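> based on what follows, work out the 3D shape:
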Amino acid sequence: MVVLIGAVALGVWMLVSFVSSGVDHAEIGKVFVLGLITLARVMVLLLFACLVWVPLGVIIGLNPRWATRVQPIAQFLAAFPANLLFPVAVFLMVRYRLSPEIWTAPLMILGTQWYILFNVIAGASAIPSDLREAAQNLGLSGWRLWKHLLLPGIIPSLLTGLVTASGGTWNASIVAEVVSWGNTTLTATGLGSYIAHWSEKGDYPHIVLGIAVMSLYVVFFNRFFWGRLYTLSQTRYRLD
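Residues are numbered from 1 along each chain as shown. Okay, the predicted model is just below:
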């Protein structure tokens, strides 16, 4: 532990020294604010993805035939390079004068939303048939069925998908908050566009600062938000 703490302290000192060589202190506060903006985009996108894919994923997962067909498709779409669609998005935003602050956000989750879908499908498929039959015999339907069986049954799998999608969406912000096609470049305010901007200029202190702040946000939320929700789901919403 002493060696580990010493190595971490040395790494932090080297990081601070390197960043301080090319970045003033006011810039650090600005980068954390940009991180909050990107964080807001990530959370809103995950919420919208859940509203779309959780109901569909449960319906598919409860039908074994559809589940076996749709899951490979969702896994393929998760691996599909979403940036191939960026030129189309740039064309539409320029054509209809859409704000990049809003309409570049969906590009961040194009490739990561599928993790939510196929994890929800897996969770719904794993709900025991005897519990489903018991719910049917008790006359559960509509919201009561979702509240007492379906949502508790998929929450652990849903959180796995959300954690994976969250990390992927943060990474995607670096390419999605700055999109270009030909001579047209659209930029949204955020930590991803900050990293992309300084990467293009080759300014390593700014690049390291941006990546370090993004890493802090991701680790903090994984530890204190997603981690606690996942622990709760394992202790309170287990069907085995």
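> tell me the gap between stretch 8-22 and the middle of its chain.
28 Å (CA atoms, centre = their mean, to the nearest Å).
> quick one: contacts of it?
Applying CB atoms under 8 Å, 6 or more residues apart in numbering, the contact partners of stretch 8-22 are 28, 203, 204, 205, 206, 208, 209, 212. (Each C-beta comes from the backbone N, C-alpha and C, glycine too.)
> got a list of what the residue minimising distance to the centre of the chain touches?
Compute the mean C-alpha point of the chain, and by CA atoms, centre = their mean the closest residue is residue 166, 2.0 Å away. Residues counted as contacts of residue 166 (CB under 8 Å, 6+ apart) are 42, 46, 218, 221, 222, 226.
> out of these, which is most surrounded?
residue 42 (27 neighbours; other CB atoms under 10 Å).
> can you redo the contacts of residue 166 as a markdown table with pLDDT and secondary structure?
Output for the contacts of residue 166, formatted as a markdown table (pLDDT from 0 to 100; DSSP: H, G, I helix; E, B strand; the rest coil):
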| residue | pLDDT | secondary structure |
| --- | --- | --- |
| 42 | 96 | helix |
| 46 | 96 | helix |
| 218 | 94 | helix |
| 221 | 92 | helix |
| 222 | 91 | helix |
| 226 | 91 | helix |
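> which one of these is nearest residue 156?
Distances from residue 156 to the contacts of residue 166, taken as CB to CB, are shortest for residue 226 (12.1 Å).
> wait, isn't the closest one in contact with residue 162?
Yes: under the contact definition of CB atoms under 8 Å, residue 226 touches residue 162, with a separation of 6.9 Å.
> tell me the SS of residue 179?
Using DSSP: H, G, I helix; E, B strand; the rest coil, the three-state assignment for residue 179 comes out as strand.
> can you count the residues close to it?
Counted with other CB under 10 Å, residue 179 comes out at 24.
> skipping its backbone neighbours, what lies nearest it in space?
Nearest in space to residue 179, with sequence neighbours left out and distances taken as CB to CB, 6 or more residues apart in numbering, is residue 86 at 4.8 Å.
> many thanks, I have nothing further to ask.
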